[in-house]
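Q: sequence and predicted structure, then a few things I'm wondering about:
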Amino acid sequence: MFTILIADAISEEGLQPLLEMDNATIIQKKASDPEVSLEVIDALLVRSATKVNDELLNKMPNLKIIARAGVGVDNIEVDAATRKGIVVINAPDGNTISTAEHTFAMMASLMRNIPQAHQTVKNLEWKRNNYLGTELFGKTLGIIGMGRIGTELAKRSKAFGMMIKVFDPFLTKDRAAKLGVESCPIDSVLQDSDIITVHTPLTAETKGMINEQALSKTKKGVFFLNCARGGIIDEQALAKYIGIGHVAGAALDVFETEPPGENPLFKFDNVIATPHLGASTKEAQLNVATQVAREVRLFLENNPVSNSINLPAISKDIFEKIRPFHQMSKQMGYIISQCIKEGIRELSITYSGTVAELETSYLTKATLAGFFKNRIAVNVNEVNALLTAKERGITVGEKISADSYGYANCITVTAKGEETSFTIRGTYIEHYGPRIVYLNGFNIDFLPEGNLLYIQHMDRPGVIGRVGRILGDYSINIATMQVGRKEAGGEAIMVLSFDKPLEDDTFALLTKLDDIVSINRITVSE
Ligand SMILES: NC(=O)c1ccc[n+]([C@@H]2O[C@H](COP(=O)([O-])OP(=O)(O)OC[C@H]3O[C@@H](n4cnc5c(N)ncnc54)[C@H](O)[C@@H]3O)[C@@H](O)[C@H]2O)c1
Ligand SMILES: O=C(O)CC[C@@H](O)C(=O)O
């Protein structure tokens, strides 16, 4: 049973995919509501009001996924979520059209003084001479950030006869040509535009990118728009440039602090504002809610998600192909973790045969997730596996090899510590399942599941009998037993499986037997 917390106002109609789940309890309350038991929440859905920070995440040890019903994830501490292995998803395009339309509406309103004029009419005034506007036709619109919203805005603005200059370091010349816009350096956008609008995410690089220095490069009489994120345009600098009459006006939907409270910009009549309404349409809210609700449900039902911020996107088709290897990779990582007793400094994974053609990076992360399971306090999964390895100084290597040892596919994992190393190889046999076919120099064949006992011993008469006798004395039923050796009289291994875990006292007796080199209890669970 899953518990899903919808912490902000999200369209009820769009939440249907979650409401229809018969194994989920849906709670629609603020995360700060004392009635909410944060520790049981599996999935959290938010818009921008809930600040998903480390402090909140620490109260949610069961949390597996955070969904942002919108684009910007700046209200979520993604790094903190990643460290804890929590998947973060968003709805990247559900509100694109609405926000582009809102930006366009703000631009038109700004140029024709619509909000100010509207207010005077309502005040029973008729000030026709005060509101001389400016046409959009023939003007140059500078767009900083030519992503989804920038692109939609450009299309609409072109239809109004505007010229478009764009600065986006990730925009290729080909794409700019296709969109009919001029891609140029930021200074050229600043110098030549009549109206400048920002559509980037708020990042360390874009924070304050329109500062005094940038404003000083603009034309006198330029207009500014910000319907992306507060802080991309420095509010103090903008207020200064409006104050000296250099900037002719600004339209703002977003603010450095929201709600903004007292703000130096609000004293100017030529500044118009809306309270972060870009995505506030019925259509956008339904779109984003439906997108995240579908994704959260897919995720909880063990399917891949497409709009993750911190997990590589993987299609359902590809995931179906890697699913058997995915489970086996986790199992092998988990077996290694229980057999190598010291810290490791290197983990290398070699893929061969058909598996080498699949998304192996995902399998490498699954191996690490299995390795870290029960070794460290945080839950490690594909989201934080590489980061966790890096933080612990473990080098992770991935290789493709042509030699698949006669199997259709195989994955070989070698872990190296300071003193020891351990190698395990698995193959997946269709209609039969995963098999471990090699352990530390020995060919073997066992199913990596359940309660296992792995014994490395000398190949001498009586060893197997002595192990069997102790197990028999303690009424322990051996479910399966596999043996392997390199040469007669040398070292050998046996892998036994039981219906229930081996008790400590039985295990202790086995460790004291003659001719045993090493012995490990292994539990391989989901
Ligand atoms: N006002 C609202 O309600 C509302 C609604 C939706 C989105 N947004 C915000 O609008 C912004 C754009 O959203 P989007 O969906 O178009 O995002 P997007 O990811 O599609 O586009 C962002 C673009 O910015 C570009 N970019 C990144 N860094 C840059 C830099 N330093 N200089 C220039 N360009 C840079 C990227 O290459 C990308 O093309 C985001 O900040 C988002 O949070 C606001
Ligand atoms: O939730 C909202 O209304 C705002 C969404 C918007 O800022 C976004 O980044 O998608």
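A: All right, it came through fine. Ligands and ions are numbered 1, 2, ... in the order given.

Q: okay, CA-based contacts and neighbour counts for the rest of this
A: Fine.

Q: let's verify Gly333: helix, strand, or coil?
A: helix (DSSP: H, G, I helix; E, B strand; the rest coil).

Q: what residues does the residue lying closest to Ala117 once chain neighbours are set aside make contact with?
A: Nearest residue to Ala117 in three dimensions, chain neighbours excluded: Tyr131, at 6.9 Å (CA to CA, 6 or more residues apart in numbering). Tyr131 is in contact with 112-113, 117, counting by CA atoms under 8 Å, 6 or more residues apart in numbering.

Q: Met146: which of these is nearest?
A: Proximity of the contacts of Tyr131 to Met146 (CA to CA) peaks at Arg112, which lies at 25.3 Å.

Q: now do that closest one, the pLDDT please.
A: pLDDT for Arg112: 98.

Q: can you start the count at 5 instead of 1 from here on
A: OK, 5 is where the count begins now, so the last one is Arg116.

Q: just the ones of the contacts of Tyr135 in helices?
A: Ala121 (DSSP state H).

Q: and Asp26, how far from ligand 1?
A: 32 Å (CA to the nearest ligand atom, to the nearest Å).

Q: and that residue, how far from Ser192?
A: Taking CA to CA, to the nearest Å as the measure, Asp26 and Ser192 are separated by 57 Å.

Q: more neighbours, these two?
A: Legend: neighbour count by other CA atoms under 10 Å for Asp26 and Ser192, higher for Ser192 (16 against 9).

Q: which element is that one on?
A: Ser192 belongs to helix 190-196 when assigned by DSSP states H and E.

Q: give the other helices and strands that that helix contacts.
A: strand 144-148, strand 167-171, helix 216-219 (3 or more CA pairs under 8 Å, 6 or more residues apart in numbering; DSSP states H and E).

Q: contact partners of it?
A: 144, 146-148, 169-171, 200, 218-219, 221-223.

Q: quick one, which of the contacts of Tyr135 are buried?
A: Among these, the ones that count as buried by 16 or more other CA atoms under 10 Å are 116-117, 121.

Q: can I get those in a markdown table including distance to ligand 1?
A: Listed next are these as a markdown table, based on distance: CA to the nearest ligand atom, whole Å:
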| residue | distance to ligand 1 |
| --- | --- |
| Arg116 | 21 |
| Asn117 | 20 |
| Ala121 | 24 |
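
Q: stretch 483-495: which residues count as buried?
A: Across stretch 483-495, burial judged by 16+ other CA under 10 Å covers 487-489, 495.

Q: what's the end-to-end length of it?
A: 24 Å.

Q: ok, residues contacting it?
A: By CA under 8 Å, 6+ apart, the residues outside stretch 483-495 that reach it are 445-450, 460-464, 496-503.

Q: buried subset of the residues you listed as a PyMOL selection?
A: In PyMOL, this line selects whichever of those come out buried by 16+ other CA under 10 Å:
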select buried, resi 446+447+448+449+450+460+461+462+463+496+497+498+499+500+501+502
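
Q: restrict the contacts of stretch 483-495 to those near ligand 2?
A: When contact is defined as CA under 6 Å from any ligand atom, these do not meet ligand 2 at all.

Q: among the contacts of stretch 483-495, which ones are in helices?
A: Using DSSP H, none of the contacts of stretch 483-495 sit in helices.

Q: spell out which parts of the stretch 105-254 of the chain neighbour ligand 1.
A: Applying CA under 6 Å from any ligand atom, we find that the stretch 105-254 of the chain lies next to ligand 1 at 148-154, 171-174, 203-206, 209-210, 231-233.

Q: rerun that using 5 Å as the cut-off
A: Selection of the stretch 105-254 of the chain residues close to ligand 1 by CA under 5 Å from any ligand atom yields 149-153, 172, 174, 203-205, 210, 231-232.

Q: can I get those residues in a markdown table including secondary structure?
A: Listed next are these as a markdown table, based on three-state DSSP:
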| residue | secondary structure |
| --- | --- |
| Gly149 | coil |
| Met150 | coil |
| Gly151 | coil |
| Arg152 | helix |
| Ile153 | helix |
| Asp172 | coil |
| Phe174 | coil |
| His203 | coil |
| Thr204 | coil |
| Pro205 | coil |
| Thr210 | coil |
| Cys231 | coil |
| Ala232 | coil |
